[in-house]
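Visitor: Make a model of this:
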Amino acid sequence: MTGTVALSTSDLHVPDDLTEHDQWVVWRNEVRQGKPTKVPYQVSGYRADSTNPRTWTTFEEALGTWRCDLRRYAGLGFVFSKVDPFAGIDLDDSLDEQGLVKPWARGIVERFSDTYMEISPSSQGLKIWAHGSLPANLPGVQVGDGTIELYDHARYFAVTGRAFRGAPLHIEDHTSDLLLLYDRLTLAKKAWPLQPLPSGQIPRGRQHNTLVSLCGTLRIRGICEEAIEACLHIVNEKQCEKPGPRENITRIVRSSRRWGKK
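Guide: From the prediction side, this is the model:
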């Protein structure tokens, strides 16, 4: 890494999924054993501990501390804990000089494209948040000319709020994808790289919610039920990784009649 980019407190936008958890710290760059290190701190000024919740705080307090002492602290950090539903993927050195995703990381970025993803402080990597858990933390696996780290507890991510390519400000469930990625990185018999889903496909596990959301959007816009059902059938058959039964579409459309009614 070549350093960190100065962050703006006014432009910091992160998912409510994260800010509602009191698992925040501030961090600063320090040299440890001859290497630059992002060291977490409490708002009191003492070192923070990623295994001790008493050293963490609310998003508002961490943000206020950072804003009041921009020379001392470089930014905010979110600590992963077993009590929250999150796991994190750190794709170090995954962006080239033009800010494009390197080939070895493309499959991961595409699979997790519907969940919150941001550019790292160095501007050379990506950090991804997802709902799910891991068999264990997995630090520093070399892939291509970068590294991949997976965490769901006892570690923290420096948070920039610089969403990558308009990534959504919400965190989606990727339990199966996290386990698949973990297996690929730890078992030699698994092939690499992790292949992206066919272009435009909706992964299994998120198909129903996507169809329900699309149905609601079309109904709100005044589209008739016949057109809504026809549209959902096309999406189900053409864009779902594993299309569901046609009767599921009918049930979704019929159920939507009650949405918004008291």
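
Visitor: Please identify the helix or strand for Val235.
Guide: Secondary structure from DSSP states H and E places Val235 in helix 225-239.

Visitor: got the buried residues for that helix?
Guide: Neighbour-count burial for helix 225-239, counted by 16 or more other Cβ atoms under 10 Å, picks out 228-229, 231-233, 235-236, 239. Any C-beta I mention is one placed from the backbone N, CA and C, and that applies to glycine too.

Visitor: Mind listing residues that contact that helix?
Guide: Residues from elsewhere that reach helix 225-239 (Cβ atoms under 8 Å, 6 or more residues apart in numbering): 200-202, 207, 210-211, 214-215, 218-219, 223, 243-244, 246, 248-250, 252-253, 256.

Visitor: Ok, stretch 110-118 next?
Guide: Contacts of stretch 110-118 (Cβ under 8 Å, 6+ apart): 14-15, 17-18, 89, 109, 126-131, 159-165, 167-172, 174, 177, 194, 196-197, 203, 206.

Visitor: how far out from the middle of the chain is that stretch?
Guide: What separates the centre of stretch 110-118 from the centre of its chain is 6 Å, taken as Cα atoms, centre = their mean, to the nearest Å.

Visitor: Equivalent analysis for stretch 116-130, please.
Guide: Mean-position distance between stretch 116-130 and its chain equals 8 Å (Cα atoms, centre = their mean).

Visitor: Show the buried residues in the contacts of helix 225-239.
Guide: 202, 207, 210-211, 215, 218-219, 243, 249, 252-253, 256.

Visitor: Leaving out sequence neighbours, find the closest residue to Trp104.
Guide: Excluding the flanking residues, the one nearest Trp104 by Cβ to Cβ, 6 or more residues apart in numbering is Gly144, at 3.2 Å.

Visitor: residues making contact with the helix or strand containing Val141?
Guide: Using DSSP H and E, the element containing Val141 is strand 138-143. Residues outside strand 138-143 that contact it (Cβ under 8 Å, 6+ apart): 104-105, 147-151, 182, 185-186, 192-193.
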